[in-house]
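Trainee: Using only what follows, build the 3D model:
(2 chains)
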Protein chains: 2
Amino acid sequence: MGLTYQMKMKIPFDMADMNGHIKLPDVILLSLQVSGMQSIELGVSDKDMLERYNLVWIITDYAIDVVRLPRFAEEITIETEALTYNRLFCYRRFTLYDEAGQEIIRMVATFVLMDRDSRKVHAVEPEIVAPYQSEFDKKLIRGPKYANLEDPISKDYHVRFYDLDMNGHVNNSKYLDWIFEVMGADFLTKYIPKKINLKYVKEVRPGGMIASAYELKGLESKHEIISDGEINAQAMITWQEIEGN
Amino acid sequence: MGLTYQMKMKIPFDMADMNGHIKLPDVILLSLQVSGMQSIELGVSDKDMLERYNLVWIITDYAIDVVRLPRFAEEITIETEALTYNRLFCYRRFTLYDEAGQEIIRMVATFVLMDRDSRKVHAVEPEIVAPYQSEFDKKLIRGPKYANLEDPISKDYHVRFYDLDMNGHVNNSKYLDWIFEVMGADFLTKYIPKKINLKYVKEVRPGGMIASAYELKGLESKHEIISDGEINAQAMITWQEIEGN
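Mentor: Modelled structure (predicted):
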């Protein structure tokens, strides 16, 4: 068992969507704030990683299970724990609890270390992850197979200045933004995700356009984010109807 | 003097732009969180206003002075104070201090009360603002005259699902987003605002497109957000070069 770290907060007005639910990309942003705070507390902040090792943490996959989405002004607790690591990957859990202690969202994120200059994946040194007290486990967590889309509906989006982070990279949460946005307001006021698998394949480059493509069959959708003719991210989502609809 | 309320925080990674500065729309979002927290503490939360009076607070104008923008991981204090009120308007100050206590951003926001159903402006009842201990002052704070743009450069943006708040309105901070975005990444990596005047004229409607238009002369720019042939917001910005550039 790795060390856990928690943050308690109330969902602010600006994170609530038209349904009064937290915007799911904000769940990702908040969760990364929490793991960032844990790393600072343990003396292995992102800044330390860069200065000491020239390494940055990159997320390659998300598996997200949503029981329900917390609402505006609701108090939640976000808990994180570095689960296990192997030679290349670190698995980290994020769990959102409501005030009654019920688990309402659970995410498992796969992290890799990347050398800032070579942009190549770097092996996970035990020394680097020791402070999190997570266990070494050879077992790889494999995501689903993402089939190519056959006859997708697609919409183009500009990559905006504010979509970019300090390193000039498109923020992780932005991909989910594009994936949801393309579904349209009518759909998004009726359905929320129940399960999301998301895989980052290749970084979106700043400045250009991306296409957010999807196919919806029943309550299952498949997604691709594409730019310059290449796939940047793939996702599969199972949707659930919003209660009370 | 009104009661003051403060929140201390560190700028998280996802709020930093390519320059490492906080994104200015996030300054607005954070500031509104702080005034929201003050209202909750004083027992006059937005929820109370709606339930007791069927009223909502609306911002009509911002005047923002930027000495410098705080950077990623920097600790700042956001302070707010309800300054004065008159029959229709309430003026509220937001001040961002750095760790040394230096004032780095100062905003004055003009608030009005709106009836949720009639969508009409409602007089400021002394009873409503009493908890803030701000003073009645007949004096109106007038913003600048916004001249029409003559030969603007303009770009269209979709109003996205996540641009909308719980009430189906485009979030206040979004207008600034469009105003900055149209300036382009080259400009925004060289210049930051020194002074912003922003006036909300008419709400952007959900679902459609807006045009973000501007004219730049030297370090002064004039802006309009336009949809359905009408002006939604106007702004004037004086820019300053980023230090070290």
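Trainee: what's the pLDDT at the nearest residue to residue A:47 once chain neighbours are set aside?
Mentor: Leaving aside its chain neighbours, residue A:47 sits nearest to residue B:73 (7.0 Å; criterion: C-beta to C-beta, 6 or more residues apart in numbering or on different chains). C-beta: built from backbone N, CA, C; applies to glycine. Residue B:73 carries a pLDDT value of 89.
Trainee: Stretch A:131-149: end-to-end distance?
Mentor: Counting by C-alpha to C-alpha, to the nearest Å, you get 42 Å between the two ends of stretch A:131-149.
Trainee: Buried ones in it, by neighbour count?
Mentor: A:131, A:132, A:134, A:143, A:146, A:149 (16 or more other C-beta atoms under 10 Å in any protein chain shown).
Trainee: Where does the fourth one sit: helix, strand or coil?
Mentor: This means residue A:143. coil (DSSP: H, G, I helix; E, B strand; the rest coil).
Trainee: Surely it touches residue A:91?
Mentor: No. Applying C-beta atoms under 8 Å, one finds residue A:143 not in contact with residue A:91, separated by 11.5 Å.
Trainee: circling back: share the number of residues neighbouring the residue nearest to residue A:47, please.
Mentor: By other C-beta atoms under 10 Å in any protein chain shown, 16 other residues sit near residue B:73.
Trainee: and what of the one 5 residues further on?
Mentor: Other residues lying near residue B:78 total 22 when counted by other C-beta under 10 Å.
Trainee: what about the longest helix belonging to chain A, average pLDDT?
Mentor: Determined from DSSP state H, the single longest helix within chain A is helix A:24-41. Helix A:24-41 comes out with an average pLDDT of 95.
Trainee: what residues go with each domain of chain A?
Mentor: A:4-136, A:153-241 (automatic domain parsing).
Trainee: I'd like the ones you listed as CSV, with distance to residue B:100 appended.
Mentor: Shown next, in CSV, are the domains of chain A (distance: least, C-beta to C-beta, whole Å):
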stretch, distance to residue B:100
domain A:4-136, 20
domain A:153-241, 23
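Trainee: all strands of chain A, in order?
Mentor: Per DSSP state E, chain A carries strands over the ranges A:4-10, A:55-66, A:75-85, A:90-97, A:103-115, A:121-122, A:135-136, A:153-158, A:191-200, A:209-217, A:220-227, A:230-241.
Trainee: Which elements pack onto the longest helix of chain A?
Mentor: strand A:4-10, helix A:46-53, strand A:55-66, strand A:75-85, strand A:90-97, strand A:103-115, helix A:172-181 (3 or more C-beta pairs under 8 Å, 6 or more residues apart in numbering or on different chains; DSSP states H and E).
Trainee: and residue B:97, which of the domains of chain A is closest to it?
Mentor: domain A:4-136 (20.9 Å; C-beta to C-beta).
Trainee: Which residues of chain A lie near chain B?
Mentor: Proximity of chain A to chain B (C-beta under 8 Å from any C-beta of the partner chain) is limited to residues A:12-14, A:16-20, A:23, A:25, A:29, A:32-33, A:36, A:46-47, A:72-73, A:160-162, A:164-166, A:168, A:171, A:173, A:177, A:180-181, A:184-185, A:188, A:206-207.
Trainee: thinking again about what came up before, so the residue nearest to residue A:47 makes contact with residue B:10?
Mentor: Yes. Between residue B:73 and residue B:10 there is a contact under C-beta under 8 Å: 5.8 Å.
Trainee: where does chain A dip in pLDDT?
Mentor: Within chain A, the stretches with pLDDT under 70 are A:244-245.
Trainee: which phi and psi does the residue nearest to residue A:47 have?
Mentor: With angles defined as degrees, to the nearest 10, residue B:73 sits at phi 80, psi 0.
Trainee: what's around residue A:188, how many residues?
Mentor: As a measure of burial, residue A:188 has 19 neighbours, counting by other C-beta under 10 Å.
Trainee: go on, residue A:170?
Mentor: Residue A:170, neighbours per other C-beta under 10 Å, totals 24.
Trainee: Relative to residue A:232, how far out is it?
Mentor: 8 Å (C-beta to C-beta, to the nearest Å).
Trainee: again, but for residue A:184
Mentor: Separation of residue A:184 from residue A:232 (C-beta to C-beta): 21 Å.
Trainee: okay, the two: which has more neighbours?
Mentor: residue A:232 (21 against 13).
Trainee: The more buried one touches residue A:226, doesn't it?
Mentor: Yes. Counting by C-beta under 8 Å, residue A:232 touches residue A:226, with 6.5 Å between them.
Trainee: hey, what's in contact with both of these two?
Mentor: residue A:210 (C-beta atoms under 8 Å, 6 or more residues apart in numbering or on different chains).
Trainee: contacting residues around the residue nearest to residue A:116 when sequence neighbours are not counted?
Mentor: Of all residues not flanking residue A:116 in the chain, residue A:54 sits nearest, at 5.1 Å (C-beta to C-beta, 6+ apart). The contact partners of residue A:54, taken as C-beta under 8 Å, 6+ apart, are A:115, A:116, A:117.
Trainee: I'd like the residues you listed as CSV, with neighbour count and distance to residue B:85 appended.
Mentor: CSV is the format used below for the contacts of residue A:54 (neighbours: other C-beta atoms under 10 Å in any protein chain shown; distance: C-beta to C-beta, whole Å):
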residue, neighbour count, distance to residue B:85
A:115, 13, 57
A:116, 13, 52
A:117, 7, 56
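Trainee: Which single one of these is nearest to chain B?
Mentor: Sorting the contacts of residue A:54 by distance to chain B puts residue A:116 at the head of the list, at 15.0 Å, by C-beta to the nearest C-beta.
Trainee: Count the neighbours of the residue nearest to residue A:194 when sequence neighbours are not counted for me.
Mentor: Nearest residue to residue A:194, sequence neighbours excluded (C-beta to C-beta, 6+ apart): residue A:240, at 4.0 Å. Per other C-beta under 10 Å, the neighbour tally for residue A:240 reads 14.
Trainee: Could you point out which of the domains of chain A sits nearest residue B:236?
Mentor: Nearest to residue B:236, of the domains of chain A and by C-beta to C-beta, is domain A:153-241 at 20.3 Å.
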